[in-house]
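Peer 1: My questions concern the predicted model and sequence given below.
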Amino acid sequence: AELLGGKVYPAPVTDNHRPQWLTQVKGSIAASWAMTLYPWLGIRRRQELRDGLAQWRSQGNGVIGRGLAEAILAHRAARVSQADIMRLLRISKSSVYRHTRGRLPRIRVTKREPTATPAAISSDAD
């Protein structure tokens, strides 16, 4: 388990099969393991791995820009639902939570706005 950097669980197997184990890793540990296993992969899997690593490298370290952080706060202050903010700004749920926690009071939005657009929200905030 220490070698993989996470917990390891036994996987369910059918009769006449050897034991299998499951783990879940992410981030740099997953990239390290993927590169370690690369020589044993076939052509198609190697291409998938190269594509995945390129995508992972382009993501940065999870820090978002000041403008996006301010947009999250403005949308939330305008009582836009978390789901709408995620859809409009193309960000994750954790990004919305992380940038509003401690800055705005918790609110419950019970009705989503199907017509919510960034332009409509910014004109409502003025």
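Peer 2: Cool, got the structure. Residues are numbered from 1 along each chain as shown.
Peer 1: Which stretches in the protein count as helices?
Peer 2: 27-37, 43-58, 66-77, 82-89, 93-100, 118-125 (DSSP state H).
Peer 1: among the ones you listed, which is nearest Leu3?
Peer 2: Comparing those against Leu3 with CB to CB, the closest turns out to be helix 27-37 (9.7 Å). The C-beta positions use only the backbone N, C-alpha and C, and glycine is treated the same way.
Peer 1: so who does the most centrally placed residue in the chain touch?
Peer 2: The centre of the chain sits closest to Ser92, judged by CA atoms, centre = their mean, with a distance of 5.6 Å. Shown in contact with Ser92 (CB atoms under 8 Å, 6 or more residues apart in numbering): Met86.
Peer 1: and it, how far is that from Gln59?
Peer 2: Distance, Ser92 to Gln59, using CB to CB, to the nearest Å: 11 Å.
Peer 1: Ile29 too?
Peer 2: According to CB to CB, Ile29 and Gln59 sit 15 Å apart.
Peer 1: So the two - more neighbours on which side?
Peer 2: Using other CB atoms under 10 Å as the criterion, Ile29 and Gln59 rank with Ile29 on top: 12 against 8.
Peer 1: which ones are touching that one?
Peer 2: So Ile29 contacts Leu4, Gly5, Gly6 (CB under 8 Å, 6+ apart).
Peer 1: Number of residues surrounding the first one?
Peer 2: Residues contacting Leu4 under the criterion other CB under 10 Å number 14.
Peer 1: Verify the stated contact: it with Lys26.
Peer 2: No - using CB atoms under 8 Å, Leu4 makes no contact with Lys26, being 11.6 Å away.
Peer 1: hmm, back to that, quick check: of the contacts of Ile29, which lies closest to Val109?
Peer 2: The closest of the contacts of Ile29 to Val109 turns out to be Gly6 (CB to CB; 35.2 Å).
Peer 1: my read: the closest one touches Thr23, true?
Peer 2: Yes - if you go by CB under 8 Å, Gly6 and Thr23 touch, sitting 5.2 Å apart.
Peer 1: Touching stretch 57-72 from outside, list them.
Peer 2: Outside stretch 57-72, the residues touching it (CB under 8 Å, 6+ apart) are Ile85, Leu89, Ile91, Ser95, Val96, His99, Thr100, Pro118.
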